[in-house]
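Asker: please find the sequence and the predicted model below.
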Amino acid sequence: MQQSYKFCPSCATALQAITQAEDGGPKERLRCPACGWTHWNNPTPVLAAVVEYQGKVLLARNAAWQGKMFALITGFMEAGEAPEQGAVREVKEETNLDVLETSLLGVWDFQRMNQVIIAYGVKATGDVRLSPELAEYRLYEPADVRCWPAGTGYAMAEWLRRRGHEPQFMDWPRSSPASSDKKVD
């Protein structure tokens, strides 16, 4: 989860937007005028999985979402794990499925949420049991999937292309709260 800082976590002084020279040139960041602590505000790595299950694509709806949007299985990468291991862990935690194979689809920025999405295509087996984070899931024929023009929707499109399907994108207002495709996110 992206942290919003107002005070220095080191000395409790109010942070200020201060421009300072960095390797890439001058950069304005929240900095502590007393001790020099800097809030770097780097993007958070998020893992995503296009889950192929029983020959179909498994998409899930987050329990916190108001609408009926279904999306990829996603979650934050944890300290000490490789991205691929994290994607496998997220699939297991959220669906109870066992991943048989993985393939890196790519890396996409999701600037609205200050995230970097590392996406995998996975083949999985087992019996689906959703975590409390997810309200329901649906299985789709690959040709019936409509991609969303944000975040993990581009990973879905790449997965479809690799299987010989031309991705179709849905129309969707980018400012809609339902356009979030990550649970924080």
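Answerer: Noted; the coordinates are in hand.

Asker: so what's Glu81 up against?
Answerer: Arg89 (Cβ atoms under 8 Å, 6 or more residues apart in numbering). All C-beta spots, glycine's among them, are computed from the backbone N, C-alpha and C.

Asker: quick check, pLDDT for it.
Answerer: The confidence metric pLDDT takes the value 97 at Glu81.

Asker: which parts of the protein are strands?
Answerer: Counting by DSSP state E, the chain has strands at residues 16-22, 25-31, 38-39, 44-53, 56-62, 73-76, 98-110, 115-125, 134-140, 146-147, 168-169.

Asker: what residue is smack in the middle of the protein?
Answerer: The C-alpha lying nearest the average C-alpha coordinate of the chain belongs to Val46 (Cα atoms, centre = their mean; 4.2 Å).

Asker: now do the helix of greatest length in the chain against strand 56-62, angle only.
Answerer: Scanning the chain for the longest helix, with DSSP state H as the assignment, gives helix 83-95. Angle of helix 83-95 versus strand 56-62, following axes from the mean of the first three to the mean of the last three Cα atoms, to 10 degrees, is 70 degrees.

Asker: what is helix 83-95 packed up against?
Answerer: Contact here means 3 or more Cβ pairs under 8 Å, 6 or more residues apart in numbering; DSSP states H and E; on that basis helix 83-95 packs against strand 44-53, strand 56-62, strand 73-76, strand 98-110, strand 115-125, strand 134-140.

Asker: CA atoms of it as CSV?
Answerer: Extracted C-alpha coordinates of helix 83-95, given in CSV (Å, rounded to 0.1, in the frame of the first residue of the first chain):
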residue,chain,number,x,y,z
PRO,A,83,8.3,-12.0,-8.7
GLU,A,84,7.4,-15.4,-10.2
GLN,A,85,7.3,-17.0,-6.7
GLY,A,86,5.0,-14.2,-5.6
ALA,A,87,2.6,-14.7,-8.5
VAL,A,88,2.4,-18.4,-7.7
ARG,A,89,1.8,-17.5,-4.0
GLU,A,90,-1.0,-15.0,-4.8
VAL,A,91,-2.8,-17.6,-7.0
LYS,A,92,-2.7,-20.1,-4.2
GLU,A,93,-3.7,-17.6,-1.5
GLU,A,94,-6.6,-16.2,-3.5
THR,A,95,-8.0,-19.2,-5.4
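
Asker: how close does the residue in the chain sticking out farthest from the centre sit to Met77?
Answerer: What lies farthest from the middle of the chain is Ala34; by Cα atoms, centre = their mean that is 35.4 Å. Ala34 is 33 Å from Met77, where distance means Cβ to Cβ, to the nearest Å.

Asker: show me the protein divided up by domain.
Answerer: Here the domain parsing of the chain from automatic domain parsing is 1-42, 44-179.
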